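Asks: structure of the sequence below:
(one chain, ligands or ions: 1)
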Amino acid sequence: MKTNYDIIIVGAGLVGLTTALACAHKGASIALIDAVDPKTTVPDGRASAVAMSSLHMLETLGVAGRIKENIQPITDMLIADGGVGDVSSLTLHFDSQNVGGPTSYMIENKLLRLALVDSIEEEDKIDLIAPSEFVTVDRASAEVKVTLKDKTQITGALLVAADGRNSTLRKSAGIDISKRNYSQKALVTTFTHERPHYGVAHQIFFQGGPLALLPLTGRRMSIVWSDKVAAIEAAIALPEEAFLAELARRMGDFLGPITLCAPRQSYPLSLQMAEAYTDTRLVLVGDAAHAIHPLAGQGLNMGLRDAAALADVIAQARALGLDIGGANLGAYSTWRHFDNQMLALSTDILNGLFSNNIAPLRHARRLGLAVVNRSDMAKAFFMKEASGQIGELPSLLRAVN
Ligand SMILES: Cc1cc2nc3c(=O)[nH]c(=O)nc-3n(C[C@H](O)[C@H](O)[C@H](O)COP(=O)(O)OP(=O)(O)OC[C@H]3O[C@@H](n4cnc5c(N)ncnc54)[C@H](O)[C@@H]3O)c2cc1C
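Replies: This next block holds a predicted model:
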């Protein structure tokens, strides 16, 4: 292992791993540190809706090809305003055929993580240092100095905080966050079913929060059920049969009999935005910079866009012979801050609008769904947004011709 790198990344979650590959793709040498080994880490039962533009990047980086059999295109999306026993007939229907093909793809997090690690192990420019932790970080000088638990000292021009929503690096840099606690949790699990899902994703909004049914390869669906904390804790405690009955009551029986094939896990939900994305020789990416409600399936996509934008900014600095930990970081901050704020704001508004049972709001949202459903232009706009193709795209997110 060497001791001097262009970039030191702390956090080998999905975003840190991708950031390492994206920056190495642009020629930078990387030390990637994680407290746990990403190959044997705590099981993550989630699956992510990965936007088309994010998939382009995973293809270019040689990651998607490793798991192509396990990538499920989302062919259609149905959104309904529900109430148990009262699913609205006014559903919103996004058909990918209207925009020339799928805009998002479902990938299981654990498979994506392993594919990223496999790509990293084949990349000479990246040293994965895990399990390991830093004990001190010195960013005051002309370079970054990181001392690891085993007393090894490594240096770099730039430090990247990809250490998740409780980022130690963000806190130690004194960067504040604005936070809204949703008093909700998300229950995640997977079930098998008898009838085919045809690649259709469903999102049903209930008073306590949305229930998303997301198609995986084969006859499997991943669910993300957001609700008040007490409701999710009660749902986790239910015996399996009673849980499945409650699920069937909410989603109906269109998939035939269902069987759980994964444990139930839960995640607390909040909106959390860092007030700055950069500090001296420091950049924040992924959940360290922004964590949002999962209802739009965009948190990881935002982090992957951070990775691609940072790779471009670093490539530009390198091409001009500039210090990669210097003034160019402002360009990253401006680029990503606006985009992330807009997405965070829209998911926050959607959650507020749908997760309640106030009668006038309920009528307005049902009317809203019907109006959008009749407008091809509005639907095309939302689908473009879901595909991650709005705004100035970093080079790695553009389609490979
Ligand atoms: C229920 C749910 C469903 C979701 N569904 C979707 C979806 O469909 N589509 C989508 O785009 N997004 C989705 N998201 C959001 C997405 O999962 C996250 O945005 C994304 O996983 C964040 O990745 P990350 O790498 O930034 O952070 P993390 O996954 O939190 O990784 C942080 C890493 O840093 C390491 N670390 C932390 N501290 C240290 C330290 N001091 N030293 C060394 N290492 C450290 C940790 O071990 C970890 O490996 C969902 C989120 C939830 C909760």
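Asks: let me see the contact set for Gly174.
Replies: Asp279 (CB atoms under 8 Å, 6 or more residues apart in numbering). The way it works is simple: take the backbone N, C-alpha and C, and place the C-beta from them, glycine included.
Asks: what are the bridge partners for Trp225, then?
Replies: Leu187, Leu211 (DSSP bridges).
Asks: and Gly62, what pLDDT?
Replies: At Gly62, the model reports a pLDDT of 97.
Asks: any idea how far Val188 is from the most centrally placed residue in the chain?
Replies: Among the residues of the chain, Leu300 comes closest to the average C-alpha position under CA atoms, centre = their mean, at 1.5 Å. Separation of Leu300 from Val188 (CB to CB, to the nearest Å): 14 Å.
Asks: can you pull out the helices in this protein?
Replies: Ranges of helices within the chain are 14-25, 52-60, 109-121, 168-172, 229-237, 240-251, 299-319, 329-354, 359-374, 376-386, based on DSSP state H.
Asks: just checking the first one against the ligand, any contact.
Replies: Yes: in terms of CB under 6 Å from any ligand atom, part of helix 14-25 sits within range of the ligand, namely Leu14, Val15, Gly16.
Asks: excluding chain neighbours, what is closest to the residue nearest to the centre of the chain?
Replies: Ser48 (4.9 Å; CB to CB, 6 or more residues apart in numbering).
Asks: pLDDT averaged over stretch 235-251 - what is it?
Replies: 95.
Asks: quick one: contacts of it?
Replies: 82, 84-85, 187, 191, 202, 204, 206, 211, 213, 223, 225, 227, 258-260, 264, 266.
Asks: distance between that stretch and the chain's centre?
Replies: 27 Å (CA atoms, centre = their mean, to the nearest Å).
Asks: residues of it that come out buried?
Replies: Buried residues in stretch 235-251, counted by 16 or more other CB atoms under 10 Å: Ala235, Phe243, Leu244, Leu247, Arg250, Met251.
Asks: what's the spacing between the fourth one and Asp37?
Replies: With the distance defined as CB to CB, Leu247 ends up 34 Å from Asp37.
Asks: likewise the first one?
Replies: The gap separating Ala235 from Asp37 is 32 Å, by CB to CB.
Asks: do the same with the second one
Replies: Remark: distance between Phe243 and Asp37 (CB to CB) = 32 Å.
Asks: now do Leu214
Replies: Distance from Leu214 to Asp37, by CB to CB: 28 Å.
Asks: do Gly199 as well
Replies: In terms of CB to CB, Gly199 sits 34 Å off from Asp37.
Asks: please identify which of those two sits among more neighbours.
Replies: For Gly199 versus Asp37, neighbours defined as other CB atoms under 10 Å are more numerous around Gly199 (17 against 13).
Asks: pLDDT weak spots in the protein?
Replies: Applying pLDDT under 70 to the chain flags residues 42, 83-92, 94, 96-99, 354-388, 390, 400-401.
Asks: show me what from it comes close to the ligand.
Replies: So far as CB under 6 Å from any ligand atom goes, the chain lies against the ligand at 10-16, 33-36, 46, 48-49, 133, 162-164, 168, 186, 188, 224, 267, 286-287, 294, 297-301, 303.
Asks: what subset of those residues is buried?
Replies: Neighbour-count burial within the residues of the chain next to the ligand applies to 10-16, 33-35, 46, 48-49, 162-164, 168, 186, 188, 224, 286-287, 294, 297-301, 303; the criterion is 16+ other CB under 10 Å.
Asks: OK, contacts around the closest residue in space to Asp44 that isn't next to it in sequence?
Replies: Excluding the flanking residues, the one nearest Asp44 by CB to CB, 6+ apart is Asn109, at 4.4 Å. By CB under 8 Å, 6+ apart, the residues touching Asn109 are Leu14, Asp44, Gly45, Arg46, Ala47, Ser48.
Asks: now do the same end-to-end measure for stretch 228-243.
Replies: One end of stretch 228-243 to the other measures 16 Å (CA to CA, to the nearest Å).
Asks: coming back round to it: any idea what the residue nearest to Leu300 is bridged to?
Replies: Counting by DSSP bridges, Ser48 forms beta bridges with Ile107.
Asks: for the ligand, what is the nearest residue in the stretch 51-200 of the chain?
Replies: Going by CB to the nearest ligand atom, the ligand is nearest to Gly164 of the stretch 51-200 of the chain, at 2.7 Å.
Asks: right, and Leu17 touches Thr41 too?
Replies: No: between Leu17 and Thr41 there is no contact under CB atoms under 8 Å: 11.2 Å.
Asks: what sits in contact with each of the two?
Replies: With CB under 8 Å, 6+ apart, Leu17 and Thr41 have common neighbours Arg113.
Asks: quick one, which of these two is more surrounded?
Replies: Neighbour totals were compared for Leu17 and Thr41, and Leu17 leads with 28 against 17 (other CB under 10 Å).
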